[in-house]
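Participant: Fold the following and give me the result.
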Amino acid sequence: MSKQTSEVVQTGQLEGAKITISALHNQGLQESITIINHGTVVQPMSGWVLASLRGQVFYQFPDDLRIRPGMSVVVISGQQKNEIIFNKQLMQTELFWATGQVWNNHGDTALLFDANDLEIDRYSYPHERVMGSSDKRKKSLKRGDNGFEIVEEVISHAQRGIRKQSDVMSSPS
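Facilitator: Alright, predicted model coming up:
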């Protein structure tokens, strides 16, 4: 009889999965952010990171977390309970991030990065214009010895060339 071993799978968003940030609640000392899978396949969350753009605070999802279709995950921060709970009726898992406040009271942007360090989704409050015009630019995650850093997504020379070429073609003579 062979032994079965589990292996951690780190992947980007799978075809058929649609992981989004659906809500962010910042109510003084109690904070939470809700992430849901609107897709049709299970998404492994190993290597995925949730970040506060303004505070540059990062949460790495547990390696064994998988978000099934229709399932939501609530990541809690602030002065609340610090235990992991799964509610089968609601298809919801609660994860504890930190006892301190993560989200800026005056506004912030939550960024969700996949295991390939690409931005999958974002959620800004109290409105979209939190960090100025650069807030709308796609971000990527840089992993280093000292942790994580949010950087502007790099556009390759080929993409720049295509953009410039299309701009030239659409400009009047």
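Participant: Now Leu24: closest residue in space, sequence neighbours ignored.
Facilitator: Residue nearest to Leu24 in three dimensions, not counting chain neighbours: Ile33, with 4.7 Å by CB to CB, 6 or more residues apart in numbering. Placement of C-beta: from N, CA and C, glycine included.
Participant: Which strand or helix spans that neighbour?
Facilitator: strand 30-37 (DSSP states H and E).
Participant: Where do the strands of the protein begin and end?
Facilitator: For the chain, the strands defined by DSSP state E occupy 19-27, 30-37, 43-44, 49-52, 57-60, 66-67, 72-78, 85-87, 92-98, 108-113, 119-125, 139-144, 147-152.
Participant: of those, which approaches Val9 most closely?
Facilitator: strand 43-44 (4.8 Å; CB to CB).
Participant: Now render the strands of the chain as a markdown table, adding mean neighbour count.
Facilitator: A markdown table is the format used below for the strands of the chain (neighbours: other CB atoms under 10 Å):
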| stretch | mean neighbour count |
| --- | --- |
| strand 19-27 | 16 |
| strand 30-37 | 21 |
| strand 43-44 | 22 |
| strand 49-52 | 22 |
| strand 57-60 | 19 |
| strand 66-67 | 19 |
| strand 72-78 | 21 |
| strand 85-87 | 12 |
| strand 92-98 | 18 |
| strand 108-113 | 23 |
| strand 119-125 | 18 |
| strand 139-144 | 15 |
| strand 147-152 | 14 |
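Participant: confidence score at the residue nearest the centre of the chain?
Facilitator: The chain has Leu112 as the residue nearest its centroid, 1.1 Å off, counting by CA atoms, centre = their mean. Turning to Leu112, the model gives it a pLDDT of 97.
Participant: Name all residues that make contact with it.
Facilitator: 19-21, 35, 48-51, 119-122 (CB atoms under 8 Å, 6 or more residues apart in numbering).
Participant: and which of the residues you listed is nearest to Thr11?
Facilitator: Trp48 (9.2 Å).
Participant: how many other residues sit next to Glu153?
Facilitator: Neighbourhood size, Glu153 [other CB atoms under 10 Å]: 12.
Participant: Isn't it up against Lys138?
Facilitator: Yes: if you go by CB atoms under 8 Å, Glu153 and Lys138 touch, sitting 4.0 Å apart.
Participant: what touches both of these two?
Facilitator: With CB under 8 Å, 6+ apart, Glu153 and Lys138 have common neighbours Glu119.
Participant: re earlier: just grab the bridge partners of the residue nearest to Leu24 for me.
Facilitator: Under DSSP bridges, the beta-bridge partners of Ile33 are Leu24, Val75.
Participant: Can you give me the separation between it and Asn116?
Facilitator: Ile33 is 21 Å from Asn116, where distance means CB to CB, to the nearest Å.
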